[in-house]
Structure formats: structure tokens, C-alpha cells
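Q: The sequence and its predicted three-dimensional model are supplied below.
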Amino acid sequence: MQEKDTIEEYYRKAFTEFEPPPPEQAWDKIKAGIHPLETKKGSIEGFKKGFAGFYHSRNLYPILAAAAMVLLLIMIYFSYSNKHSIRGHAYAGEARICMGTAYLFKVYDKAKPLDTVKLIRSVLVDNNGFYQFSGIDNGHYLIRINPLAGSEITRNYIPSYYNQDSASGEAMVIRIQNEDPTFDIHLIPK
Amino acid sequence: MKVSAEVLDQCLLNDPRGQEALYKAYASIMFGICLRYSRNRMEAEDILQEGFIKVFKNLPQLHSKESIDGWIRRIMVNTALNYYTKQLKFQNEVSLKYETLDATFQEDALSKLSYNELLRILQGLPAGYRTVFNLFVIDGYNHKEISEMLGISENTSKSQLWRAKASLKKILTRIL
């Protein structure tokens, strides 16, 4: 018999019927490959596989969107919960002024002179002398009222800070700490 | 066909019971193929797992349930070929004379070798020789088909087969 026939035929014959027992655990690995979400209860490996499958699942998208929305609402809530309002009335003598401008200055360091503070907001004073600053962070501030330019009040009063001393010109720095205070401001007569 | 149409329907519905039944029906014969194409048992196990995952994922593309035997076999062979794609280095041989190798073995001498010994010898061949020998001798592909599957010329396929047989002869001569 020629070698060609012998080797080829023998190998062909031997391996055509070759059916060795498959490896143990092979099915478990294949199953994990086609059903990644199935986990063994109490198994850390199962938890990891399950979490990976869950993480890559499209079912996660609506849950992620809802979680993001909740997180956003919480951030908004806390953001606004840390904001405050400062309000009050401006007076010229015993009467409330009619129209003007209220200025809010941020005082970063109380040791610094007044002209180093930073103007952060201005609002109109209404015809009842009322002003309000909203969304103010905790911190130290100065408030100044300017009466309406050209009005009769400007002839008798100067622009004034809250609790400003008419003699020294020094004003009180107000401290906002988790509260919505009211500060009435009295203009200083000329 | 080693499984019923009902099992295949279960597999198409991604039912683990049907999938396990299909696996159990074909695992042994497919593992035999994987062992032939691989260098060792560990790599054969990898190929088997990867091959069966492909089987289940691509089952909806099976046109005829009756052809599932050959279909699974082709997937397993292709998975094995892909596994060794980077290792397959074929030497183009243009001057080989495909003369018949000297016949020195008798069938009864070869029959003394066990499956495991024959397998070990086959697995010891270089990847290119082993692959072409498997495809041509055992799985019945012709050189044209092999050349298309492996992206080589028919002459290269023939030379690889000749070299594979020469190597086997050399090893068997030493053993027998």
C-alpha cells in the first residue's frame, strides 16, 4: 500500500469519527457568552458579569436619564437653597424715597478700604422706596442707595450706604449667613 | 441532523434549554475538529467556546435546518482558521515535485497508534501544514476551496499539503 493512501486514509478514517469528550465548564462559559445577564445568586463573578451586562444594556438609558434629571433637580434645589434675598426700603428722613437705584457690593475682605469692593448687582428702587436683591450667596456686602438723579431728594440727600456714619463716612458691612434679611437704608442729609 | 427542529426553534428563541441541548449534541464532534486545528487542548477549548457563541448568534441566518450539521462544522473550522490567521505563514513553493513519497507504512502499523498519539503528531506540525492537511485530508476541501479560504494560491496549498505529509512521514518513521 502506498504511503499516500496509508497516511491520508488512516488520518481521515481516524479523525472523521473522532469525538472526544468536550471540556467540563465549556458550556458554562458559552452560556455566559450568550446570556451575559444571567447570574449565579450570591456569586461575585456573577454579580460582575451581571453588572457589566446591565451597564451595557440599552435598558439602562431611561434609568440613566431619570437619574440625571433627579440629580439636576437636587443640584438646583441646593443651589437655590444656598441663595438669599436682601430687601428693604430707602428713606429720606421719615419718608420713603420715590425711585432710585440700589447697589450691592461684595466685600471680599473686610480689612480692605471701601473702594476695593466689587459691585455685583444693581436694582431699581420702586416708587415706594422698596428694593430687593435676589439669589445672593452667603458673604459680606455693602448696600448703597442713589436717589433718582434730578429729583428733589438729590438736592437734600447724598447717595448713602446702609448704616453709614455721616461724620466718618464709614458704612456697616452686612453679613449674609443662611438668611433673608431686611435692611432699611436712610439717606444722609447734605 | 443531531437535534430536532423543536430544539432549533428553542435556540432561535434564545431559550437556554434548547441551546444546551444543541451544544450537547454537537460538542464532542466539534471539539474533535478544534483539537485537530489547534496546537493544544487549551487553544482548542478557546476555539470551541468562540465557535459555539458564533453558532448561537448566527443561527437566525441558517437557511435550512437540515443543513445544520455542515453549517456548525463550517463555523467551527472558520473559527479555528481565524484563531490562527496571524500564525499562518505559507511558503510559496514553485519548484516542488509532487512525487509520491516512498510507501513504507502498512495500515496495521499505523493502527497501533492511538487517537491521542495521532493527534499529538498532527498538533506538532507547523500551523500552515496542519491547517491545509486538516482541510484537504480530513474535512474534504479541494485545493481551490482551500486557496480561497486561506487567501493563498492553489500551488501553495498543494505544497503545504506535500510538506505536511512529508513531515508526518518523517515523524512516523521515527516512531514506528
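A: Received it, and whenever you're ready, just let me know what you need.
Q: Only C-alpha atoms from now on, for both contacts and neighbour counts.
A: OK.
Q: A:Ile185 against A:Arg87, yeah?
A: No. Using Cα atoms under 8 Å, A:Ile185 is not in contact with A:Arg87, being 10.2 Å away.
Q: What is the least confident helix or strand in chain B?
A: One helix or strand of chain B scores below all others by mean pLDDT, DSSP states H and E: helix B:107-110, with a mean of 63.
Q: For the nearest residue to A:Leu148 once chain neighbours are set aside, which residues count as its bridge partners?
A: Closest residue to A:Leu148 apart from its sequence neighbours, by Cα to Cα, 6 or more residues apart in numbering or on different chains: A:Gly100 at 4.1 Å. With DSSP bridges applied, A:Gly100 shows beta-bridge pairing to A:Val125, A:Pro147.
Q: so where is chain A shaky, pLDDT-wise?
A: Residue ranges of chain A with pLDDT under 70: A:1-5, A:36-59, A:80-81, A:109-116.
Q: Enumerate the residues of it near chain B.
A: Within chain A, the positions adjacent to chain B are A:1-4, A:6-12, A:14-23, A:26-27, A:29-31, A:33-34 by Cα under 8 Å from any Cα of the partner chain.
Q: The residue nearest to the spatial centre of chain A is in what secondary structure piece?
A: Closest to where the C-alpha atoms of chain A average out (Cα atoms, centre = their mean) is A:Met75, at 4.7 Å. Applying DSSP states H and E as the criterion places A:Met75 in helix A:60-81.
Q: neighbours of the nearest residue to A:Pro20 once chain neighbours are set aside, just the number please.
A: Spatially, and ignoring its direct neighbours in sequence, A:Pro20 is nearest to B:Ser28 (5.4 Å; Cα to Cα, 6+ apart). For B:Ser28, the neighbour count with other Cα atoms under 10 Å in any protein chain shown is 18.
Q: for the one 4 residues further on, same thing?
A: Here the count is done by other Cα under 10 Å, and B:Gly32 has 21 residues near it.
Q: Which parts of chain B are strands?
A: Counting by DSSP state E, no segments of chain B form strands.
Q: domain ranges for it?
A: Listed by automatic domain parsing, the domain ranges of chain B are B:5-83, B:87-175.
Q: from these, which stretch is densest packed?
A: domain B:5-83 (a mean of 18; mean count of other Cα atoms under 10 Å in any protein chain shown).
Q: For that one, give the mean pLDDT please.
A: Averaged across domain B:5-83, the pLDDT comes to 91.
Q: ok, now stretch B:114-129?
A: Mean predicted confidence for stretch B:114-129 is 88.
Q: distance between the ends of that stretch?
A: End-to-end distance of stretch B:114-129 (Cα to Cα, to the nearest Å): 21 Å.
Q: is that stretch up against chain A anywhere?
A: Yes. Stretch B:114-129 reaches chain A (Cα under 8 Å from any Cα) through B:Tyr115, B:Leu118.
Q: Can you tell me what sits against that stretch?
A: Stretch B:114-129 has contacts (Cα atoms under 8 Å, 6 or more residues apart in numbering or on different chains) with A:11, A:14-15, A:18, B:35-40, B:84, B:87-90, B:130, B:160-161, B:163-164, B:167-168, B:171.
Q: What is the burial count for A:Gln25?
A: 9.
Q: From chain B, how far out is it?
A: From A:Gln25 across to chain B, the span is 10 Å (Cα to the nearest Cα, to the nearest Å).
Q: How about A:Ile176?
A: Taken as Cα to the nearest Cα, the span from A:Ile176 to chain B is 64 Å.
Q: Where do the domain boundaries of chain A fall?
A: Split by automatic domain parsing, chain A gives A:3-77, A:86-189.
Q: so which of the ones you listed gets nearest B:Gly18?
A: Evaluated over the domains of chain A, closeness to B:Gly18 peaks at domain A:3-77, with 11.6 Å, by Cα to Cα.
Q: Do a quick rundown of the helices in chain A.
A: Taking DSSP state H to define them, one finds helices in chain A at A:3-16, A:26-34, A:44-56, A:60-81, A:152-156.
Q: mind giving me TSV with the ones you listed and columns for distance to A:Val117?
A: Below are those laid out as TSV (distance: least, Cα to Cα, whole Å):
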stretch	distance to A:Val117
helix A:3-16	91
helix A:26-34	65
helix A:44-56	51
helix A:60-81	24
helix A:152-156	24
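Q: how many other residues sit next to A:Asn127?
A: Using other Cα under 10 Å, A:Asn127 has 12 neighbouring residues.
Q: Skipping adjacent residues, who's closest to it in space?
A: Sequence neighbours aside, A:Cys98 is the residue nearest to A:Asn127 in space, at 4.0 Å (criterion: Cα to Cα, 6+ apart).
Q: isn't B:Leu135 right next to B:Tyr141, touching?
A: Yes. Counting by Cα under 8 Å, B:Leu135 sits close enough to B:Tyr141 to count as a contact (5.5 Å).
Q: what sits against the closest residue to B:Asp69 other than its chain neighbours?
A: What sits nearest to B:Asp69 in space, not counting adjacent residues and going by Cα to Cα, 6+ apart, is B:Met1, at 5.9 Å. If a contact means Cα under 8 Å, 6+ apart, then B:Met1 has B:Glu66, B:Ser67, B:Ile68, B:Asp69 as its contacts.
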